[in-house]
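Engineer: Here's my sequence, what's the structure:
(one chain, ligands or ions: 1)
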Amino acid sequence: MIKAILADLVRIDSVSSRSNAEIVEYLERRCRALGLITRRFPYSDEHGVEKINLITLTQDVEEVELALVGHTDTVPYDPNWAEATNLTERDGKLYGRGACDTKGFIAAALTALENARPGKPLALIFTADEEVGLVGAKKLAQTKPLRVRYSIVGEPTSLKPIRAGKGYSLAEVIVKGREAHSAYPALGASAVFRAARLINRLESIATQLRQDQHAAFDPPYTTLNIGLIHGGSAKNVLAGECRFTLEWRPVPTQSSEHVLELLNAAIAEEMKADPDFQCLVDASRQDTGFETATDSPLVQLLEQATGNEAGTVAFGTEAAQMKVLGAEAVVIGPGDIREAHRTGEFVPVNELERCAEVLRQSIQQLC
Ligand SMILES: [Zn+2]
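Structural biologist: Numbers count the residues shown, from 1 in each chain. Model prediction:
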């Protein structure tokens, strides 16, 4: 049964760039058959494509005890990968796009609910656009259509409960210079040299950030990366502009603004040394992390049910948005994150089935 549901889900192409209306219709149908109430929360994405967050409920309420959360979208797949939308079983593994990220979890959640009798209100939440920046979950966090006490967020963790995650922040830094012939540097100002001085300061900031330790994480502090840099127009011209991306992953006990403040202080220092120094910062993402205490009933329940000790991850998940809805959140799901986003993505059958049982127990105990 669970395999049949997963096969149905994998058959529906729900790459983030497409509308997720088809998979939402399927999920609505399945949830209604289980007696659930369904509520759609549509929006149009930045390309004008219709996307839908779907909330389904066992009771017509504004607050639920437990929410199981899975994202409906997947990353793109190679058109030559024949199994991508045709779930295929081989050696105890089910291959297909989304099999582990995160349609396996969704199939397990639906199966769990078929076999459970929740007394208190329960929700299944299906989000859009997780793979392109948690967009759907952020919409729900903004509009708060529901309050949630506990939430289990599906992501491939090999059934290890994840009780905390780092945040994710991104900014583009645009350093201005003045173009001039490189034979006469005094006539201009190189944006590349200026950016290099600022980047030197950022490297010191990265070292300084190690002081604020959060032992549960690996590495146990906020990390910072400059992944892209682009500047100048020719080898013999002083660069008029230099842009670079600054990305940081703050530990959940530190605000996302902290690094921005350090960056602005570094820019202020550069301006003191060079009054002509000009720089713009375009901070486009500030996703907070989340942390649920080790003694949370949800963490303890999932540790017991899986036999796995709770851990942390260094990347962003929808758990942070669930926290905004009031939830103590844990991320868990079948399959290995290292297998996700690849051609040949798969979920092991035994983990998939165990996940359904773990979710059934969670529903039984919390609801
Ligand atoms: Zn995912």
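Engineer: Around the ion, pick out the residues from this structure.
Structural biologist: 101-102, 155 (CB under 5 Å from the ion). Using the backbone N, CA and C atoms, a C-beta is placed for each residue, glycine as well.
Engineer: Among those, which one has the most neighbours?
Structural biologist: Most neighbours among the residues of the chain next to the ion, by other CB atoms under 10 Å: residue 102, with 32 neighbours.
Engineer: residues touching the closest residue in space to it that isn't next to it in sequence, list them.
Structural biologist: Leaving out its chain neighbours, the residue that sits closest to residue 102 by CB to CB, 6 or more residues apart in numbering is residue 154, at 4.6 Å. Listed by CB atoms under 8 Å, 6 or more residues apart in numbering, the contact partners of residue 154 are 68-71, 102, 104-106, 108-109, 331-333.
Engineer: Would you mind naming the residues that bridge with residue 154?
Structural biologist: residue 332 (DSSP bridges).
Engineer: Filter the contacts of residue 154 down to the buried ones and express that as a PyMOL selection.
Structural biologist: Buried members of the contacts of residue 154 can be picked out in PyMOL with the line below, counting by 16 or more other CB atoms under 10 Å:
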select buried, resi 68+69+70+71+102+104+105+106+108+109+331+332+333
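Engineer: What is the nearest of the contacts of residue 154 to the ion?
Structural biologist: residue 102 (4.4 Å; CB to the ion).
Engineer: I'd assumed residue 71 was in contact with that closest one.
Structural biologist: Yes: Residue 102 is in contact with residue 71 according to CB atoms under 8 Å; the separation is 5.4 Å.
Engineer: which residues are common contacts for those two?
Structural biologist: 130, 154.
Engineer: Mind pulling the model confidence for whichever residue of the stretch 151-300 of the chain sits closest to the ion?
Structural biologist: With distances taken as CB to the ion, the stretch 151-300 of the chain approaches the ion most closely at residue 155, which sits 4.9 Å away. Listed pLDDT for residue 155 reads 96.
Engineer: The nearest residue to residue 293 once chain neighbours are set aside is in what secondary structure piece?
Structural biologist: Spatial nearest neighbour of residue 293, excluding adjacent residues (CB to CB, 6+ apart): residue 299 at 7.1 Å. Following DSSP states H and E, one finds residue 299 within helix 297-306.
Engineer: what's in contact with that helix?
Structural biologist: Contacts of helix 297-306 (CB under 8 Å, 6+ apart): 150, 152, 159-161, 163, 292-293, 309-310, 328-330, 332, 354, 357-358, 361-362, 365-366.
Engineer: Just the ones in strands from those, please.
Structural biologist: Mapping the contacts of helix 297-306 onto strands (DSSP state E) picks out 150, 152, 163, 328-330, 332.
Engineer: Show me the contact partners of stretch 87-95.
Structural biologist: 3, 6-7, 10-11, 83, 96, 99, 104, 344-350, 352.
Engineer: Straight-line length of it, end to end?
Structural biologist: 6 Å (CA to CA, to the nearest Å).
Engineer: From the chain's centroid, how far away is that stretch?
Structural biologist: On the basis of CA atoms, centre = their mean, to the nearest Å, stretch 87-95 is displaced by 26 Å from the centre of the chain it belongs to.
Engineer: Buried residues, it. List them.
Structural biologist: 87, 93-95.
Engineer: Burial check on residue 266, number of neighbours?
Structural biologist: Residue 266: 19 neighbours (other CB under 10 Å).
Engineer: how about it, what does it touch?
Structural biologist: 198, 201-202, 205.
Engineer: Could you do residue 35 as well?
Structural biologist: residue 58 are the contacts of residue 35 under CB under 8 Å, 6+ apart.
Engineer: looking at this, it is in a strand?
Structural biologist: No: counting by DSSP: H, G, I helix; E, B strand; the rest coil, residue 35 falls outside a strand, being coil.
Engineer: any idea of the pLDDT on it?
Structural biologist: 95.
Engineer: likewise residue 340?
Structural biologist: 89.
Engineer: With residue 329 instead?
Structural biologist: Looking at residue 329, the pLDDT reads 98.
Engineer: Can we start the residue count at 585 from this point?
Structural biologist: Fine by me, first position is 585 from now on; the one you just mentioned is residue 913.
Engineer: That one touches residue 880, doesn't it?
Structural biologist: No: using CB under 8 Å, residue 913 is not in contact with residue 880; the gap is 9.3 Å.
Engineer: Looking at these two, which has the bigger crowd around it?
Structural biologist: More crowded of residue 913 and residue 880, by other CB under 10 Å: residue 913, with 31 against 18.
Engineer: Now do the same contact list for the closest residue to the more buried one other than its chain neighbours.
Structural biologist: Spatially, and ignoring its direct neighbours in sequence, residue 913 is nearest to residue 903 (3.9 Å; CB to CB, 6+ apart). Residue 903 makes contact with 735, 737, 746, 749, 874, 876, 913-915, according to CB under 8 Å, 6+ apart.
Engineer: again, 10 Å this time
Structural biologist: Shown in contact with residue 903 (CB atoms under 10 Å, 6 or more residues apart in numbering): 653, 718, 721, 735-737, 739, 746-749, 873-876, 897, 911-915.
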